[in-house]
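Peer 1: The sequence and its predicted three-dimensional model are supplied below.
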Amino acid sequence: MAKVGDRVKVQSSDTNYEGTVIPSSDKQKDVLMLKLNSGYNIGIKIDKNTKINIIGEFSGIKASPPEKYSHKPGLPNVTLIATGGTIGSKVDYKTGAVHMLMSPDELIANVPELTEIVNLKKILRPFSLASEDMSSAEWQKIAEEVEKELNSGADGVIVTHGTDTLHYTGAALSFMLKNLSKPIAIVGGQRSSDRGSFDGAMNLICAAHYCKSNIAEVAIIMHAEPSDSYCFAIRGTKARKMHTSRRDAFRPINDLPFAKIWKDGRIEIINKNFRERKDTKVSVESRFENKIALIKYFPGADPAILDYFVKEKYKGMIIEATGLGHVAVQPLNKKNSWLGAIKNAIAKGVLVCFAPQTIYGRLDPFVYSNARMLHDAGVLYLGDMLPETAYVKLGHVLAYEKHIEQAKKMMLENMAGEINEKISEESFLY
């Protein structure tokens, strides 16, 4: 009888399959689950005509041996910081679960081309987490490691990361790292390394090429198209995950990507608004105020939610407002108006900011009367800043500035390309 992890050939009445047995539900005892050579899973209904031949017995998970990377003269020295996520994962066929690789070396062993593009100065693993399990503490740790490496001889840094919250980390590094003078590439994978559609290898290769470039910015390096054509390098404060599973899930919002990057090293600059590489020290300001909230407004939303955050002594709120920047102000049911709760929060010293729920476009409080009332009440409108970016920036600003009026000014300063004075037509759905 085949067990989980065994390699098998299955002959059924209509076709033949070959793959690795993976766990199936207890409720599907007559279904054999296989991971095919293509990386995809299939369920085969077992009946009296099904023949199963074991062609390889499972003998346990073995880690790939650590690789030794020799220094190649002429190549830039790049540090890899591995933090977990799908790009550094594989399926454990004993349990059927996806697990982080045992070491960053194993990740590099899956992409040997990387060592032909850059010298791996150092491979660090400060932690190994799915990105949804990260918090500001991990952003701080990554920023501090990056600063240390850039100031000790690294020509660039690659951070491997889970994709779910990768854009939050992109924004965090953009704000925390000051006087950035070298490229920082944040890279993930939508498919695990055992899948035939694994995208992390190409993303890593393009990230290595980015680290050789003259662009001294934090950039998210991910597939630009579903196929393995090229990657985008997207500004860390202007990127967002826009699809749950597509390989080209990350898109630039209200902005053009810095560049297209091909596996062979070709780089086509699209957006010239970037800092250029130079030989100067980088500094880090990694403190973060965690008593802040990101709130999504919806029709009929109870304004008492704001009272809760005030009661809990939160210092700031980012509210995802509708349209040009609206929440209920004059509804038929006066209890649903947010105006009073917002005024109360501001009176208690809470910094209340609006970001666009539409994602694309910018807010404008001077078109409709409801928005004017909110603006006059003290709401800070953040233009075209992405909600997630605004949340990270607010935590960064309030960690260093306790005076509300000065914090407001800082929120409206363009610190890391998070605010665009003009949005090109070309950038919509780019």
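Peer 2: Great, that's in hand. None of these values were measured; they are calculated from a predicted model.
Peer 1: Contacts only, for V118.
Peer 2: Neighbouring residues of V118 by Cβ atoms under 8 Å, 6 or more residues apart in numbering: L75, P76, N77, V78, D155, G156, A208, C211, K212. The C-beta positions use only the backbone N, C-alpha and C, and glycine is treated the same way.
Peer 1: how about 7 Å then?
Peer 2: Applying Cβ atoms under 7 Å, 6 or more residues apart in numbering to V118 gives the contacts L75, P76, V78, A208, C211, K212.
Peer 1: ranges for the strands of the stretch 151-300 of the chain?
Peer 2: Counting by DSSP state E, counting those that start in this stretch, one finds strands in the stretch 151-300 of the chain at the ranges 156-160, 177-178, 184-187, 218-223, 231-235, 239-241, 250-252, 259-261, 267-269, 283-284, 292-296.
Peer 1: Show me what the third one is packed up against.
Peer 2: Other elements packing on strand 184-187 under the criterion 3 or more Cβ pairs under 7 Å, 6 or more residues apart in numbering; DSSP states H and E are strand 156-160, helix 166-176, helix 200-211, strand 218-223.
Peer 1: Nearest residue to the middle of the protein?
Peer 2: Central residue of the chain (Cα atoms, centre = their mean): L166, 1.4 Å from the mean position.
Peer 1: confidence score at the closest residue to it other than its chain neighbours?
Peer 2: Using Cβ to Cβ, 6 or more residues apart in numbering and skipping the chain neighbours, the partner closest in space to L166 is G188 (5.1 Å). Note for G188: predicted pLDDT of 92.
Peer 1: Okay, G188 and S13: tell me how far apart.
Peer 2: To S13, G188 is 42 Å away according to Cβ to Cβ, to the nearest Å.
Peer 1: The two - which one has more neighbours?
Peer 2: G188 (32 against 9; other Cβ atoms under 10 Å).
Peer 1: Could you give the backbone dihedrals for that one?
Peer 2: Backbone torsions of G188, given as degrees, to the nearest 10, read phi -140, psi -170.
Peer 1: List the contacts of it.
Peer 2: Counted by Cβ under 7 Å, 6+ apart, G188 has contacts G85, T86, I87, T160, H161, G162, T163, L166, N203, M222.
Peer 1: ditto for A224
Peer 2: Y230, C231, F232, D248, K260.
Peer 1: Of those - the most surrounded one?
Peer 2: C231 (32 neighbours).
Peer 1: List the contacts of it.
Peer 2: For C231, the residues meeting the contact criterion (Cβ under 7 Å, 6+ apart) are M202, N203, C206, I221, M222, H223, A224, I261.
Peer 1: closest to P183 among these?
Peer 2: Of all these, I221 has the smallest distance to P183: 9.7 Å, by Cβ to Cβ.
Peer 1: just the helices in the protein please.
Peer 2: Per DSSP state H, the chain carries helices over the ranges 104-110, 114-117, 136-150, 166-176, 200-211, 304-311, 339-347, 369-377, 387-400, 404-411.
Peer 1: still on that earlier bit, would you reformat the helices and strands packed on strand 184-187 as CSV and include distance to T50 and mean pLDDT?
Peer 2: Shown next, in CSV, are the helices and strands packed on strand 184-187 (distance: least, Cβ to Cβ, whole Å; pLDDT from 0 to 100):
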stretch, distance to T50, mean pLDDT
strand 156-160, 41, 97
helix 166-176, 43, 98
helix 200-211, 35, 94
strand 218-223, 38, 98
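Peer 1: Which among these is found nearest to K343?
Peer 2: Among those, the nearest to K343 by Cβ to Cβ is helix 166-176 (29.0 Å).
Peer 1: Can I get that closest one in CSV, CA atoms only?
Peer 2: Extracted C-alpha coordinates of helix 166-176, given in CSV (Å, rounded to 0.1, in the frame of the first residue of the first chain):
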residue,chain,number,x,y,z
LEU,A,166,5.8,42.3,1.5
HIS,A,167,4.6,45.8,0.5
TYR,A,168,4.3,46.8,4.1
THR,A,169,8.0,45.8,4.6
GLY,A,170,8.9,47.7,1.4
ALA,A,171,7.4,50.8,2.9
ALA,A,172,9.0,50.3,6.3
LEU,A,173,12.5,50.0,4.9
SER,A,174,11.9,53.0,2.6
PHE,A,175,11.1,55.2,5.7
MET,A,176,13.5,53.6,8.2
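Peer 1: Which strands or helices does that helix pack on?
Peer 2: In terms of contacts (3+ Cβ pairs under 7 Å, 6+ apart), helix 166-176 is packed against helix 136-150, strand 184-187, strand 218-223, strand 239-241, helix 387-400.
Peer 1: Good, wrapping up.
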